[in-house]
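In: Okay, predicted coordinates and the sequence, questions at the end:
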Amino acid sequence: MDRLLPLIVVVPLLGAALLAGAGRWMARPVAETVGCLCAAASAGLAAAALAGGPYVVWAGDWRPVDGHGVGIVLTGDRTGTGLAALTSLLVVTVLAYAWRYFDEPPRGHTGSFPALILLFQAGMCGFALTGDLFNAFVFFELMGVVGYALTGYRVEEARPVQGALAFGFVNSLGGYASLLGIALLYARTGELGMAQAGRELDALGRPDALVLASLVLVLTGLLIKAAAVPFHFWLPDAHAVAPTPVCMLLSGVMVEMGVYGAARVYVTVFAGPGGVPAEDFRRALTVLGLLTALTGAALCWQQRHLKRLLAFSTVAHTGLFLAGLAALEPDGVTGVFLYVLGHAGVKAALFACTGALLDRYGGVDEHRLHGRAREMRGVGVLYVAGGLALAGLPPFGTALGKALAEEQAAWLTALYVVVSAVTGGAVLRAAARVFLGAGPREEDECGAPETTGDQEEPETERRVRRLPSLMATVAALLLTGALAVGTVPALARGAAGAARAFTDHAGYAATVLDGTHAAPGAGHPSPWWSPAGVGLGLLSALLATGLAALGVRGAVPARRWAAPLRRLHSGHVGDYVAWAAAGIGLLSALVLWPGG
C-alpha cells in the first residue's frame, strides 16, 4: 500500500488532465462519468490506506541520511488518510449532485467543471498527506487557485467574479505569509520536511524570534483558509455566489483543512522544546476560537440569504473546532475529529437542499420563499434534520463530537451549547418559514442582493419543475453518513487512535525518519456517548428549537442587534485585506504575549 499512496493524489490529477485535454470531444455524460470514476478510485485508495498504515513514502526513494534530506515525503497516518478519504467521498457525492447542473456548458468545455473538481480534490488530498512544508504550501495554493476558479465559474456574471476576487486576494495574502514563514523556518533549520524541521528545533533547546515569527506567518495562511475571525470575510461572499456543489466542498472540507493544517504544523514542527510553548499556542487558538464561534453565530442568526446563513454557520463551527483543538489533548482532539466528520455530511446536505430551492424557485431569500416550498416535503424533512444535527441532536456525529470535545472545560461546554443552538436555530427558523409558511410574512427590506438573496439565478438551464431524485438522494446519503458517525463505535475508536498519534510530536518524527511505529495505546477507554453528553446534546437541540420558534414569531430580532458586525462585511477587498493585516497583528500578540 505504501507504493500506492501517491496514487490518491495522482489519480485525480490524471483525470483532470484527461478531461482538460479531451473533454471537448466527450459527450457530457462521458466526461462526468470519468470524473466520478477518478474520484471514486481515489476514495477507494484512501480507504484502503486508512485500514492499515501508517505509511511513509519518499518520492524517488530520496530518503534522509543522518536525519537530513531533500526528499519529498508523503505520510499516510490515520489523520491524513482519513481526511483524504473524507475529501474523496465528498467529491464523489458532489459530482453526483452536479450531474444535473450547468445544462449548457460553454462550447468546447464539456469537461471543465469535473476537471476543476478533480484538481480541487488532488490539492486537498495532497495537503492532507504531505509531510513537507513547501509541498503543503503548493498543494494548498493549488486548492486555493482552483477554488477561485470554481467560485467565479459563472464568469459572465459580475457577482461571482467579485466573490472570486475577494476569495483570491485574501487567500493569496495568506499564501504569501505562509511562504515567508516557511522561508524563515528554513533559514533557521535548513529543512523543509516537518519531521526534520521539528527535530532541528528540538536540538536548539529554546525558541528565538525567527522561530516565533515563522509560526505566526505560517499560521496566518492556514487560518485564512480556515476562515477564522478576523480572516473570515472572504468566505460568506464566496459562498453567496459560488455554485452549490462548490459550496458543499468549501464548507464541507476545505475550511476544515485549514484547521487541520494549523494543528498539524504546530504539533509536528513547533511543539518540541525548541519551538513555541504549548500555552502560547493554546492561548492563540482559544482566543481566536472564541471570537470566531461567537461572531459566526451572531451573523448566522441575522441572515436571510440562505447560502450566507450556512456560510456564517461554517465560520461559527470553525471557532468550535479551534477551541476544541486548543489544548491538543487526545480526548478533545478525538471529539473534534468526529465533529468534523459529522459536520461535513450535515453542511454538504444543507447546501444540497438549498441548491434544490434555488433551482426550483429561483431564489434563496428566506422572506421571499415564505411558504412556497410546502410541496417539497422530502427536502423540508432533510432540512429540518440537518438543522437539528447542526444543533447537536443525538445520535448524529456532530452531537458525539460535541459531547467529547466540550468535556475539557466548563466554559467550552457553554460555548458549544450556545453556538450549536444559535446556528441550528437559524436553520430551523428558515426551514419553518420556507417549508411550512410559519409566522407572519416579513415585509421586504431594501438591501444588496448578496444579503437578501432575492436576485439569485437558478444554476440549471431553467427552473426545475420537478426536483431530480438524485439531488435529494445525495442530501439523504450525506445525512445518513453524519448519522453513522454517531452510531458506529468503530469510527469513534478509529478517531481516538488517530488523535493519540496526531498529538505525539516525537512519535511523528520517529515514524517518518526512523521507521518506527508506536504501538496502539493500551488501557484507553473507547470514546462513546455519556449521559452528560446526551443530555447536553438534547439541551442544545431544545434551545435551537425554542430559538427558531421565537425567531419565526419575530421575538428575537434577526438584524438590528448585529448591525455593527454586519456593516464590517462591506464587500470591499481593501477592507478585507486590512482586516487580514489586523489579524496578523492579533495573532502575533497572542503568541508573543509577555510572560506566556
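Out: Looks like it arrived, so ask away.
In: Could I get the full set of helices for the stretch 1-150 of the chain?
Out: All helices of the stretch 1-150 of the chain, identified by DSSP state H, counting those that start in this stretch, fall at 7-22, 28-51, 78-97, 112-129, 133-151.
In: okay, now residue 157: neighbour count?
Out: Counted with other C-beta atoms under 10 Å, the neighbours of residue 157 add up to 12. Bear in mind the C-beta positions are built from the backbone N, C-alpha and C, glycine included.
In: Can you pull the phi/psi pair for it?
Out: The phi and psi values for residue 157, taken as degrees, to the nearest 10, are phi -110, psi 150.
In: Then residue 304?
Out: phi -110, psi -20.
In: Pretty sure it sits against residue 367.
Out: Yes. Checked against C-beta atoms under 8 Å, the pair residue 304 and residue 367 is within contact range at 5.6 Å.
In: which secondary structure elements does the helix or strand harbouring residue 433 contact?
Out: Assessed by DSSP states H and E, residue 433 sits inside helix 410-436. When contacts are defined as 3 or more C-beta pairs under 8 Å, 6 or more residues apart in numbering; DSSP states H and E, helix 410-436 sits against helix 278-301, helix 306-325, helix 377-391, helix 397-405, helix 531-553.
In: which of these is buried the deepest?
Out: Of all those, helix 397-405 has the most neighbours on average by mean count of other C-beta atoms under 10 Å, namely a mean of 30.
In: ok so, going back, format the helices and strands packed on helix 410-436 as CSV; extra columns: distance to residue 80 and mean pLDDT.
Out: Below are the helices and strands packed on helix 410-436 laid out as CSV (distance: least, C-beta to C-beta, whole Å; pLDDT from 0 to 100):
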stretch, distance to residue 80, mean pLDDT
helix 278-301, 20, 95
helix 306-325, 16, 96
helix 377-391, 26, 96
helix 397-405, 19, 96
helix 531-553, 27, 95
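In: Just put those in JSON lines and tack on distance to residue 479.
Out: Output for the helices and strands packed on helix 410-436, formatted as JSON lines (distance: least, C-beta to C-beta, whole Å):
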{"stretch": "helix 278-301", "distance to residue 479": "20"}
{"stretch": "helix 306-325", "distance to residue 479": "14"}
{"stretch": "helix 377-391", "distance to residue 479": "6"}
{"stretch": "helix 397-405", "distance to residue 479": "10"}
{"stretch": "helix 531-553", "distance to residue 479": "15"}
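In: Can you check which of these gets nearest to residue 120?
Out: Closest to residue 120 of these is helix 306-325 (C-beta to C-beta; 16.8 Å).
In: Look up how far residue 199 lies from the residue lying farthest from the centre of the chain.
Out: What lies farthest from the middle of the chain is residue 66; by C-alpha atoms, centre = their mean that is 37.5 Å. Counting by C-beta to C-beta, to the nearest Å, the separation of residue 66 from residue 199 is 11 Å.
In: Could you report the pLDDT at residue 103?
Out: Looking at residue 103, its pLDDT reads 56.
In: Ok, which of the helices and strands packed on helix 410-436 comes nearest residue 116?
Out: Closest of these to residue 116 is helix 306-325, at 19.5 Å (criterion: C-beta to C-beta).
In: re the thing from before, of all the helices of the stretch 1-150 of the chain, which one is nearest residue 241?
Out: That would be helix 133-151 among the helices of the stretch 1-150 of the chain, by C-beta to C-beta, at 6.6 Å.
In: Please pull out the lowest mean pLDDT helix or strand from this protein.
Out: Ranked by mean pLDDT, DSSP states H and E, the weakest helix or strand in the chain is helix 449-452, scoring a mean of 53.
In: Following the chain onward from it, which element is next?
Out: helix 469-485.
In: contacting residues for residue 289?
Out: 228, 319, 320, 321, 322, 323, 324, 326 (C-beta atoms under 8 Å, 6 or more residues apart in numbering).
In: Tell me which two of the residues you listed sit farthest apart.
Out: 228 and 324 (13.3 Å).
In: For residue 348, state which of the contacts of residue 289 is nearest.
Out: Set against residue 348, the nearest of the contacts of residue 289 by C-beta to C-beta is residue 321 (16.2 Å).
In: Was I right to think the closest one contacts residue 256?
Out: Yes. Contact criterion C-beta under 8 Å: residue 321 and residue 256 qualify, at 7.0 Å.
In: so what's in contact with those two at the same time?
Out: In contact with both residue 321 and residue 256: 226, 340, using C-beta under 8 Å, 6+ apart.
In: With residue 565 as the reference, measure out to residue 297.
Out: For residue 297, the distance to residue 565 equals 11 Å [C-beta to C-beta].
In: now swap in residue 192 and tell me
Out: Residue 192 is 40 Å from residue 565, by C-beta to C-beta.
In: for residue 74, same thing?
Out: 42 Å.
In: Show me which of those two is the more surrounded one.
Out: It is residue 74, of residue 74 and residue 565, that has more neighbours when counted by other C-beta under 10 Å, with 23 against 14.
In: Phi and psi next, for residue 243.
Out: Taking degrees, to the nearest 10 as the convention, residue 243 sits at phi -60, psi 150.
In: I figured it was touching residue 154, is that so?
Out: Yes. Assessed by C-beta under 8 Å, residue 243 is found in contact with residue 154 at 7.4 Å.
In: Looking at those two now, which is surrounded by more residues?
Out: Applying other C-beta under 10 Å to residue 243 and residue 154 shows that residue 243 carries more neighbours, namely 21 against 17.
In: what's the domain layout of the protein?
Out: Domain assignment of the chain by automatic domain parsing yields the ranges 1-130, 131-591.
In: Show me the shaky parts of the chain.
Out: Residue ranges of the chain with pLDDT under 70: 67, 100-110, 443-464, 518-524, 555-563, 566, 594-596.
In: neighbouring contacts of stretch 192-205?
Out: The contact list for stretch 192-205 (C-beta under 8 Å, 6+ apart) reads 64, 67-69, 71, 73, 131-134, 182, 185-186, 188-191, 207, 211, 264-265, 268-275, 505, 508-509, 511-513.
In: now the residues you listed: which count as buried?
Out: The neighbour-count test (16 or more other C-beta atoms under 10 Å) marks 64, 69, 71, 73, 131-134, 182, 185, 188-189, 191, 207, 211, 264-265, 268-272, 274-275, 505, 508-509, 511-513 as buried among the contacts of stretch 192-205.
In: Tell me which of those residues fall in strands.
Out: Judged by DSSP state E, strands contain the following of those: residue 73.
In: start to end distance for stretch 318-336?
Out: 10 Å (C-alpha to C-alpha, to the nearest Å).
In: Apologies, that question was intended for stretch 60-68.
Out: Length of stretch 60-68, first residue to last, C-alpha to C-alpha: 16 Å.
In: Just give me the neighbour total for residue 18.
Out: The tally of other residues near residue 18 (other C-beta under 10 Å) stands at 18.
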